[in-house]
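Chemist: The sequence and its predicted three-dimensional model are supplied below.
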Amino acid sequence: MIDKKNAVVLSVEDLHAAYGELRVLKSVSFEVARGEILAIVGGSGSGKSTLLKHMLRLEEPLAGRVVFEGIELTALEEEGLEEARLGIGFLFQNGALLGSLTVEENVAMPLEMRTTLPRPVIDRLVDLRLSQLGLGKASTRLPSELSGGMRKRASLARALILDPPLLVCDEPGAGLDPVMARHLDQVLLRLRDDLGTTIVIVTHEVESIRRIADRLLFLEGGGVLFQGRVEEAERCEVESVRAFFSAE
């Protein structure tokens, strides 16, 4: 049973991962507190994408544990794992909306597949979420009829429709112009401040990190090089961490 009173939403403990002989994660450990925005950063090949997959247990680690809301994901059988994942919303880098469905149909899918709610309740929940994200007038449009920022918000609405305590975002600002990227950051901040949503973001956008991240986890060579507050990272003694913030 999920323990929603736990101050720690997600805990990764001594995680190791490999693809064949290539070690891609080495003794990675960190915690994400309830209501926190954590940014996972690092250069290409640092292990960010692999870490995301293991956080969701889309891949099996060599060793280590992933604990979400008091439940060890790395110890669950498939049925229990599927149920636990309902508490995690995922915002894909490309949005991953189904092009043949309207916005409201895309957003309704998790409710249709994972709940037994009657149709009027589903419709009401979808309308409410779309209105919260400024998409009330776009509900009947297809993804191809939306701007990049609107597609991101539609994807976000779908990720949040089951009210997950944890939202995981893979490069949420990718493909957005600076104005739309800032707007999306404001949406994420509102989710944290108004709803208490815990958010983990993989990103390389320095300004976005400064705007919204409470803490960051810096990966290099598959290991944790730094974790702490953004202002601490900017004056960190480790050169590659400082360089990340100076190479804007």
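Modeler: Looks like it arrived, so ask away. If you're wondering where the values come from, they're calculated on a predicted model, not measured in any experiment. Residues are numbered from 1 along each chain as shown.
Chemist: Point to the residue nearest the middle of this structure.
Modeler: V168 (1.1 Å; CA atoms, centre = their mean).
Chemist: So which bits of the helix or strand containing that residue are buried?
Modeler: Using DSSP states H and E, V168 maps to strand 166-170. By neighbour count with 16 or more other CB atoms under 10 Å, strand 166-170 contains the buried residues 166-170. For every residue, glycine as well, the C-beta is placed using N, CA and C.
Chemist: Check which helices and strands that strand sits against.
Modeler: helix 48-55, strand 88-91, helix 178-195, strand 198-202 (3 or more CB pairs under 8 Å, 6 or more residues apart in numbering; DSSP states H and E).
Chemist: can you list contacts of the helix or strand bottoming out on mean pLDDT in the chain?
Modeler: When each helix and strand of the chain is scored by mean pLDDT, DSSP states H and E, helix 239-246 comes last, with a mean of 85. Contact with helix 239-246 is made by 41, 43, 206, 218, 220, 225-226, 233-236, as judged by CB atoms under 8 Å, 6 or more residues apart in numbering.
Chemist: Repeat that for stretch 54-70.
Modeler: Contacts to stretch 54-70, defined as CB under 8 Å, 6+ apart, come from residues 2-4, 6, 9-18, 25, 27-29, 50, 53, 72-76, 81, 84-85, 87-88, 90, 165-166, 168, 200.
Chemist: What's the PyMOL line that selects buried ones from these?
Modeler: Only the buried entries of the contacts of stretch 54-70 go into this PyMOL selection, using 16+ other CB under 10 Å:
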select buried, resi 9+10+11+12+13+15+16+17+25+28+50+73+74+76+81+84+85+87+88+90+165+166+168+200
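Chemist: quick one: which of the contacts of stretch 54-70 sit in strands?
Modeler: Those of those mapping onto strands are 9-18, 25, 27-29, 72, 88, 90, 166, 168, 200, per DSSP state E.
Chemist: re the thing from before, would you mark the buried spots in the least confident helix or strand of the chain?
Modeler: So, applying 16+ other CB under 10 Å, buried residues of helix 239-246: 241, 244-245.
Chemist: Repeat that for stretch 35-49.
Modeler: For stretch 35-49, using 16+ other CB under 10 Å, the buried residues are 35-42, 46-49.
Chemist: Off-centre distance for that stretch?
Modeler: 10 Å (CA atoms, centre = their mean, to the nearest Å).
Chemist: repeat for stretch 189-204
Modeler: That offset, for stretch 189-204, works out to 8 Å (CA atoms, centre = their mean).
Chemist: which residues make contact with that stretch from outside it?
Modeler: Residues outside stretch 189-204 that contact it (CB under 8 Å, 6+ apart) are 9-10, 32-41, 48-49, 52, 55, 160, 164-173, 188, 208-209, 211-213.
Chemist: pLDDT of that stretch, averaged?
Modeler: For stretch 189-204, mean pLDDT is 92.
Chemist: one step back: and which of the contacts of helix 239-246 is nearest G99?
Modeler: Comparing these against G99 with CB to CB places V41 closest, at 31.2 Å.
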